[in-house]
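*Asks:* Quick check, what structure comes out for this input:
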Amino acid sequence: MKSAAVVNFAPVRGSVEIRDIVKPEPGPLDVVLEVANVGVCGSDLHQWTADHSWPVNYPVVLGHEFGGIIAELGKEVTQWKVGDRVVSETAAVIDPDNPLTRKGLYNLDPTRKGFGYGVNGAMTRFVKVPARCLHRVPDSLPFEQACLTEPCCVAYNAVVENVRLRPGDRVVVLGPGTIGILCSAMARLCGAEVAVVGLEQDQTRLKIAESYGCETIIGDASEWARERDGLGADCIIDAAGISATLKIALDLVRPKGAISKVGWGKQPLNFSLDTMVQKNVTLQGSFSHNWTMWERVIALMTSGQLDVKPIIGGIWGIEQWKEAFEKMHHGEVVKSILQPN
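*Replies:* Reported below is the predicted structural model:
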């Protein structure tokens with residue numbers, strides 16, 4: 001059986017097209033998932049525009065934010081059954097003997113390969129997934145929302161695990177993309193006052209951030225950051241896709257404050273980090289997620305405490321992938337979702 005897939009086939013701008021691929025066969029510890037929905041991530045867009053900073057195994061099927069129904073089991077899989085509703089983590093290939101993996105930090109295993117760049121992802125009808133990556137999705141949680149568990153986990157790691165906000169903290173989020181808005185939602189759940197910063201062309205996205213109880217700012221956030229006591233914000237979440245925003249973060253953060261850097265940007269910095277030293281600032285990188293975070297986020301989504309519906313800009317079929325990509329790329333929607341079937 002062959003199915004249409006969105007394939008990134010070369011490290012050249014625009015090298016994405018629809019190709020027919022054969023349905024994968026599960027290994028002993030794998031399942032084959034029939035994909036219900038798959039989110040378009042900023043990293044998918046970066047591979048499409050060829051301005052990414054990570055290695056890609058070309059050609060590769062894009063898509064790492066996905067959920068669906070188990071269609072086939074590997075012969076050694078016992079904890080799941082055909083028909084189960086699941087979402088999948090992204091760490092498709094890990095080294096079980098790596099010291100980080102043994103500590104449960106397999107997301108930081110340097111040999112890790114993820115869906116959509118290291119191995120074939122889910123922008124197609126069927127995807128092969130290691131059973132260890134799966135999490136059960138309650139019937140009450142629709143797949144168009146459940147498929148966004150992955151970016152929600154990125155935000156959970158950046159805001160909850162890596163920064164540990166306290167109620168009453170003042171937080172500035174730089175960048176009103178998917179991750180920035182979800183980080184702002186997580187910060188609000190932690191009891192923080194939040195301002196989301198964007199550009200003039202981000203008006204639509206900033207309106208969505210407001211629906212999560214955030215203030216929004218176009219341009220300079222200095223006045224808001226220093227409003228309380230003149231010293232700056234307790235935490236800056238840098239979720240922008242360029243490196244230069246780190247300089248803005250260092251300016252806005254208060255002495256002994258924290259910066260959580262979750263946005264990717266391959267550009268060189270070209271500025272001094274002396275401000276970080278002088279302010280005694282904690283600069284925290286934040287990458288990916290692990291099993292515990294997925295379980296927490298699914299619980300938050302199922303209970304309604306974390307509502308992802310405001311960020312969903314539409315659902316497109318696989319053949320309409322380019323429209324879905326362009327809508328996100330041009331900032332018309334926060335999140336595009338594909339539906340393979």
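*Asks:* what residues are up against the closest residue to Val127 other than its chain neighbours?
*Replies:* Spatial nearest neighbour of Val127, excluding adjacent residues (C-beta to C-beta, 6 or more residues apart in numbering): Leu33 at 5.3 Å. The C-beta positions use only the backbone N, C-alpha and C, and glycine is treated the same way. Contacts here follow C-beta atoms under 8 Å, 6 or more residues apart in numbering; on that basis Leu33 touches Phe66, Gly68, Ile69, Ile70, Ala71, Val86, Ser88, Ala122, Phe126, Val127, Lys128, Val129.
*Asks:* Please, where are all the helices along the stretch 51-200 of the chain?
*Replies:* 99-102, 143-146, 149-156, 178-189 (DSSP state H, counting those that start in this stretch).
*Asks:* out of these, which comes closest to Ala249?
*Replies:* Ala249 lies closest to helix 178-189 among these, at 12.5 Å (C-beta to C-beta).
*Asks:* Show me how far the closest one is from its chain's centre.
*Replies:* Relative to its chain's centre, helix 178-189 lies at 11 Å (C-alpha atoms, centre = their mean, to the nearest Å).
*Asks:* which regions of the stretch 201-341 of the chain lie under the pLDDT threshold?
*Replies:* For the stretch 201-341 of the chain, no stretch has pLDDT under 70.
*Asks:* ok, and the closest non-adjacent residue to the residue nearest the centre of the chain?
*Replies:* Using C-alpha atoms, centre = their mean, the residue of the chain that lies closest to the mean C-alpha position is Pro151, 2.9 Å off. Excluding the flanking residues, the one nearest Pro151 by C-beta to C-beta, 6+ apart is Thr178, at 5.3 Å.
*Asks:* wait, the one you found sits on Ser336?
*Replies:* No. Judged on C-beta atoms under 8 Å, Thr178 makes no contact with Ser336 at a distance of 9.7 Å.
*Asks:* Please look at Ile311 and Thr178 and confirm they touch.
*Replies:* Yes. With contact defined as C-beta under 8 Å, Ile311 reaches Thr178; the gap is 6.2 Å.
*Asks:* the more surrounded of these two?
*Replies:* Using other C-beta atoms under 10 Å as the criterion, Ile311 and Thr178 rank with Thr178 on top: 28 against 24.
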